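Novice: all I have is the shape, not the residue letters:
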Ligand code: G6P
């Protein structure tokens, strides 16, 4: 067991730190940079015979649970933008509970690290009965979801042992960015955007390597938060998912109450919780939502909120209203890839909080890696 952990103390720690390598493996052979005359493009072998059908779908429905659902949520905006097909989100158990509408003209994409989650599998059976084209995105070759879907993509992140998903999450987001590029096809209007994303994907492992250097900083932050009862995380746009996933990591392993919230909803309730004691992480990296997040920070500051702001490198002075505000500066990447970078400090924070609080990092209380019962 110690051998598998290499120089690390825990699997979660190892899996967080090996993300530059797991992301490289996920992309291997799938991104074509093109020569001087050739366009940059994406090749997803498992989907190539189905792309036309997917492009013609009436709707793309993402289905998953936990971290896998959050990964799909992070990919939703770029898929909508590049494909032009409406994208809806379903938590697997809720889709089954509601017997929600799934049609023959839909493409349903099932996202699951293990490929064995009972809720997701039941939702898949339901979508198959309703005649949708079913696509699987899993980390496990030969898993039930990989076998029962019509086509799919393996994320190739390597075995993930820690119960809290880390490297699978970032690889899932990268696969779904590639899925958006593949479905988007070769429309001239989005060529520049697609080229920028492909260049960004090539460089992503380096950016993740860079953000991992925040390890000690996140340990220091964890020391400050060790005795807190609660932690809020506000995000929006591409990073709404980052807020949900960051909070999920903290509650799963550090056993601390934590909620990820859509910053646009702040004034519709959560603002009542704000005081000088409750720590609040605001994700305000530079993208189309930046100025709205600046105004959220101002509003929280005006109510004496205890702020921790995640921003792009160089933005600290413009986002932080006062000296009391703590900053996490991260490298800036293409907006749709920013969630891959932004989640890393929050994974590190959850990890260090857990160790400092003395809880079991790799086997959190009451949780299982793969939930195979409903
Ligand atoms: C369990 C795990 C979570 C995971 C979820 C979905 O709850 O503890 O970490 O995100 O299942 O698992 P899947 O294998 O379908 O991605």
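Specialist: Structure received. Note that the structure is predicted; figures quoted are calculated from it, not measured.
Novice: wait, doesn't residue 30 sit right on residue 42?
Specialist: Yes: the pair residue 30 / residue 42 is scored as a contact, 6.1 Å apart, by C-beta atoms under 8 Å. In this view, the C-beta of every residue, glycine as well, is placed from N, C-alpha and C.
Novice: ok, residue 40 - contacts?
Specialist: Residues near residue 40 by C-beta atoms under 8 Å, 6 or more residues apart in numbering: 31-34, 194-195, 198-199.
Novice: pLDDT at it, what is it?
Specialist: For residue 40, the model assigns a pLDDT of 86.
Novice: related to what we said a few turns ago, can you put the contacts of residue 40 in JSON lines and add distance to residue 166?
Specialist: Formatted as JSON lines, these follow (distance: C-beta to C-beta, whole Å):
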{"residue": "31", "distance to residue 166": "23"}
{"residue": "32", "distance to residue 166": "28"}
{"residue": "33", "distance to residue 166": "28"}
{"residue": "34", "distance to residue 166": "32"}
{"residue": "194", "distance to residue 166": "28"}
{"residue": "195", "distance to residue 166": "29"}
{"residue": "198", "distance to residue 166": "25"}
{"residue": "199", "distance to residue 166": "25"}
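Novice: can you tell me which of those residues lies closest to residue 142?
Specialist: Comparing the contacts of residue 40 against residue 142 with C-beta to C-beta places residue 31 closest, at 25.2 Å.
Novice: right, and that closest one touches residue 202 too?
Specialist: Yes: in terms of C-beta under 8 Å, residue 31 counts as a neighbour of residue 202; the distance is 6.5 Å.
Novice: neighbour-wise, which of these two wins?
Specialist: Taking other C-beta atoms under 10 Å, residue 31 and residue 202 do not tie; residue 31 has more neighbours (19 against 14).
Novice: inside helices: which ones of the contacts of residue 40?
Specialist: The helices, defined by DSSP state H, take in 194-195, 198-199 from the contacts of residue 40.
Novice: now a ChimeraX select for only the buried ones of the residues you listed.
Specialist: Selecting only the buried entries of the ones in helices among the contacts of residue 40 in ChimeraX, with 16 or more other C-beta atoms under 10 Å as the criterion:
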select :194,195,198
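Novice: tell me, which of the ones in helices among the contacts of residue 40 make contact with the ligand?
Specialist: Among those, no residue sits close to the ligand (C-beta under 6 Å from any ligand atom).
Novice: nearest to residue 238 among the ones in helices among the contacts of residue 40?
Specialist: Of the ones in helices among the contacts of residue 40, the one sitting nearest to residue 238 (C-beta to C-beta) turns out to be residue 194, at 16.5 Å.
Novice: what residues are up against the nearest residue to that closest one once chain neighbours are set aside?
Specialist: Spatial nearest neighbour of residue 194, chain neighbours left out: residue 181 (5.7 Å); criterion: C-beta to C-beta, 6 or more residues apart in numbering. Shown in contact with residue 181 (C-beta under 8 Å, 6+ apart): 41-42, 82, 194, 197-198.
Novice: in this structure, where is pLDDT below threshold?
Specialist: 1-3, 35-38 (pLDDT under 70).
Novice: if you set the cut-off to 80 instead, what comes out?
Specialist: Within the chain, the stretches with pLDDT under 80 are 1-3, 34-39, 185-186, 321-324, 374.
Novice: name the nearest residue to the residue nearest to the spatial centre of it, ignoring sequence neighbours.
Specialist: Taking C-alpha atoms, centre = their mean, the centroid of the chain lies closest to residue 71, which sits 3.7 Å from it. Nearest-residue entry for residue 71: residue 172, 3.7 Å, with adjacent residues in sequence omitted and distances by C-beta to C-beta, 6+ apart.
Novice: does the one you found sit in a helix or strand, and which one?
Specialist: When elements are assigned from DSSP states H and E, residue 172 belongs to helix 167-184.
Novice: any buried residues in that helix, and which?
Specialist: For helix 167-184, by 16+ other C-beta under 10 Å, it's 167-184.
Novice: for the stretch 51-200 of the chain, what lies in contact range of the ligand?
Specialist: 65-68, 112-114, 117, 120, 163-165.
Novice: what about stretch 180-190, distance to the chain center?
Specialist: 22 Å (C-alpha atoms, centre = their mean, to the nearest Å).
Novice: measure that stretch end to end?
Specialist: 12 Å (C-alpha to C-alpha, to the nearest Å).
Novice: what does stretch 299-319 give?
Specialist: Start-to-end span of stretch 299-319 (C-alpha to C-alpha) is 12 Å.
Novice: cool, stretch 363-374 as well?
Specialist: OK, stretch 363-374 end separation, C-alpha to C-alpha: 20 Å.
Novice: can you check stretch 45-61 too?
Specialist: 21 Å.
Novice: give me the contact list for it.
Specialist: By C-beta under 8 Å, 6+ apart, stretch 45-61 touches 79, 83, 85-90, 102-103, 105-109, 127, 132-133, 135, 150-154, 179, 182-183, 185.
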